[in-house]
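Novice: Next come a sequence and a model predicted from it.
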Amino acid sequence: MYKLEMKSINKKYRNNIVLNKMNISVTSGERLSILGPSGCGKSTMLGIMAGIVDDFEGDIFLDGINISNLPSNKRNIVIVSQENLLFPHMNVYDNIGFGLKVRKKEKSFVEKKVKVLLEEIGLKGYENKKVNKLSGGEKQRVALARALAVEPEILLLDEAYSSLDTHLREKMRDLTIKLQKKHSITTILVTHDKQEALLFSNRVGVMLDGEIKQIDTPQNIYEKPNNVDIAKFMLDDNFIDIKDRVLFIKPEQVEILEKNRKNDEKKSEVLDRVLESEKIKKQENIDINQYGNTDKNKYRNIEYIEGIMESSNYSGVSIKHIIKVKRKDLSRLLYKDINNAFSDIVIDNPEDSNKDEYLLDEFIRLKVEDFSKKIYENGSKIVLKIKDFIVY
């Protein structure tokens with residue numbers, strides 16, 4: 001039996017469909033992230049779970065009991081939002097203990113509970129501080145402690161840490177995971193941040209246009225998207241539409257091999273030199289393998305194409321490059337192997353015509369993440385080794 005289930009949930013605001021026959025099942029003690037762009041219905045979904053959004057179709061089950069019509073104060077499901085919604089006229093102690101006092105718990109019980117939680121969130125000695133004297137990170141820790149104080153069945157995090165800077169977000173994420181494991185609380189995070197969702201969760205659900213399109217492990221969500229819409233969302237702009245197919249290239253699957261080609265050196269010469277150094281025979285296809293069960297949509301190959309460095313940005317652990325490559329070269333990359341791999345897919349040879357719609361846009365910009373931390377001047381001519389790509 002699942003801890004929480006939502007079955008065939010529909011929600012409209014006037015004529016706008018926000019949730020469309022949405023189904024979701026969460027196991028006890030799980031950390032689940034719902035990942036999606038702004039406006040896809042994530043927060044509305046959490047509001048329905050918590051009982052603060054009504055007038056919807058479908059059913060919600062908690063431990064097998066239908067709670068669709070149960071008021072929010074009877075569900076023991078709590079939300080922590082990015083606004084934190086602390087009471088400004090109360091000190092830290094009273095904020096954390098508020099839910100317990102509403103439940104008419106003994107004073108000694110409240111004192112013991114608040115004391116333990118203050119130690120767990122690293123704010124021991126803050127009992128009498130006013131919340132308006134706290135930093136943003138401290139306020140979010142108090143909000144988390146207030147939620148945990150009532151020992152909820154489900155903890156909902158609605159973009160809870162999106163207003164914090166990167167360092168504080170990482171600390172809050174690590175703290176939340178630590179406390180979630182300690183208290184064994186089923187936790188659901190909604191976020192538009194891909195990295196946050198992947199790092200936080202046991203499973204990730206990708207939500208687009210009011211529907212959960214795929215729920216899977218973080219690795220499978222990134223490595224094996226179910227369809228082209230999920231792949232476009234996860235891989236940002238690293239794709240090219242070619243006829244009725246879409247080719248995706250992951251930033252980490254592109255290696256920069258060559259730079260600063262001499263002005264009098266022909267394209268074929270620099271490619272020959274790179275291929276020779278890589279011990280790869282020209283025109284050789286390498287390791288074309290279909291795998292997985294994703295509708296024949298992925299295979300491996302190694303290919304080399306030229307590009308021009310447009311920008312390089314240092315991010316600490318890596319250099320993030322934007323590289324301009326010819327659209328024709330990417331279409332050749334697809335054409336070269338896809339007909340060999342799958343007989344049911346036919347791509348016209350891009351050499352046959354320059355008028356096809358998929359060749360009208362001459363260049364495409366690829367995002368490349370380089371962990372060797374080499375800096376390239378803008379305008380540098382380079383060779384890219386594309387180690388892996390996905391085709392839908």
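Specialist: It's in. Numbering: from 1, shown residues only.

Novice: Only C-alpha atoms from now on, for both contacts and neighbour counts.
Specialist: OK.

Novice: Quick check: chain neighbours aside, which residue is closest to residue 251?
Specialist: residue 368 (4.3 Å; CA to CA, 6 or more residues apart in numbering).

Novice: Could you pull out the helices in the chain for me?
Specialist: Ranges of helices within the chain are 42-50, 92-102, 107-120, 136-149, 166-183, 194-200, 218-223, 228-235, 267-277, 327-341, based on DSSP state H.

Novice: do you know how far the residue nearest to residue 251 is from residue 182?
Specialist: 39 Å (CA to CA, to the nearest Å).

Novice: the more surrounded of these two?
Specialist: Between residue 368 and residue 182, counted using other CA atoms under 10 Å, residue 368 has the larger neighbour count: 23 against 9.

Novice: still on that earlier bit, need the contact list for the residue nearest to residue 251.
Specialist: Listed by CA atoms under 8 Å, 6 or more residues apart in numbering, the contact set of residue 368 reads 250-255, 320-323.

Novice: measure it to residue 322 for me?
Specialist: For residue 368 relative to residue 322 (CA to CA), the value is 6 Å.

Novice: remind me, longest strand of this structure?
Specialist: strand 298-314 (DSSP state E).

Novice: What strands flank it, and is each parallel or antiparallel?
Specialist: strand 319-326 (antiparallel), strand 381-391 (antiparallel) (DSSP bridges).

Novice: Need the ones you listed in CSV (columns: distance to residue 245, mean pLDDT and mean neighbour count).
Specialist: Formatted as CSV, the strands paired with strand 298-314 follow (distance: least, CA to CA, whole Å; pLDDT from 0 to 100; neighbours: other CA atoms under 10 Å):
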stretch, distance to residue 245, mean pLDDT, mean neighbour count
strand 319-326, 17, 88, 21
strand 381-391, 7, 82, 21
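
Novice: I'd like to know which of these is closest to residue 18.
Specialist: strand 381-391 (30.1 Å; CA to CA).

Novice: By mean pLDDT, point me to the weakest helix or strand of this protein.
Specialist: Using mean pLDDT, DSSP states H and E, the weakest-scoring helix or strand in the chain turns out to be helix 267-277, at a mean of 52.

Novice: what bridges to the residue nearest to residue 251?
Specialist: Beta-bridge pairing for residue 368 (DSSP bridges): residue 321.

Novice: Tell me how far it lies from residue 230.
Specialist: For residue 368, the distance to residue 230 - CA to CA - is 20 Å.

Novice: Ok, residue 241 next?
Specialist: Relative to residue 230, and taking CA to CA, residue 241 is found at 15 Å.

Novice: The two: which is more packed in?
Specialist: A direct count of neighbours by other CA under 10 Å for residue 241 and residue 230 places residue 230 higher, at 20 against 16.

Novice: Surely that one and residue 206 touch.
Specialist: Yes - look at residue 230 against residue 206 with CA atoms under 8 Å: they come within range, at 7.2 Å.

Novice: which regions of this structure lie under the pLDDT threshold?
Specialist: Low-confidence segments of the chain, defined by pLDDT under 70: 243, 258-302, 332-361.

Novice: how does it look with 50?
Specialist: For the chain, the stretches with pLDDT under 50 are 260-267, 279-301, 337-360.

Novice: Just want the most central residue of it.
Specialist: Nearest to the geometric centre of the chain sits residue 194, at 2.0 Å (CA atoms, centre = their mean).

Novice: Contact partners for it?
Specialist: Residues in contact with residue 194 (CA under 8 Å, 6+ apart) are 35, 234.

Novice: Tell me how far it lies from residue 79.
Specialist: Separation of residue 194 from residue 79 (CA to CA) stands at 21 Å.

Novice: mind checking how far the residue lying closest to residue 309 once chain neighbours are set aside is from residue 143?
Specialist: Using CA to CA, 6+ apart and skipping residues adjacent in sequence, the residue nearest residue 309 is residue 323, 4.7 Å away. Per CA to CA, residue 323 is found 43 Å from residue 143.

Novice: now residue 213
Specialist: Using CA to CA, residue 213 is found at 31 Å from residue 143.

Novice: Kindly report the same for residue 36.
Specialist: 24 Å.

Novice: thinking again about what came up before, can I get the helices of the chain in TSV including distance to residue 310?
Specialist: Formatted as TSV, those follow (distance: least, CA to CA, whole Å):
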stretch	distance to residue 310
helix 42-50	36
helix 92-102	50
helix 107-120	47
helix 136-149	37
helix 166-183	26
helix 194-200	25
helix 218-223	26
helix 228-235	19
helix 267-277	19
helix 327-341	15
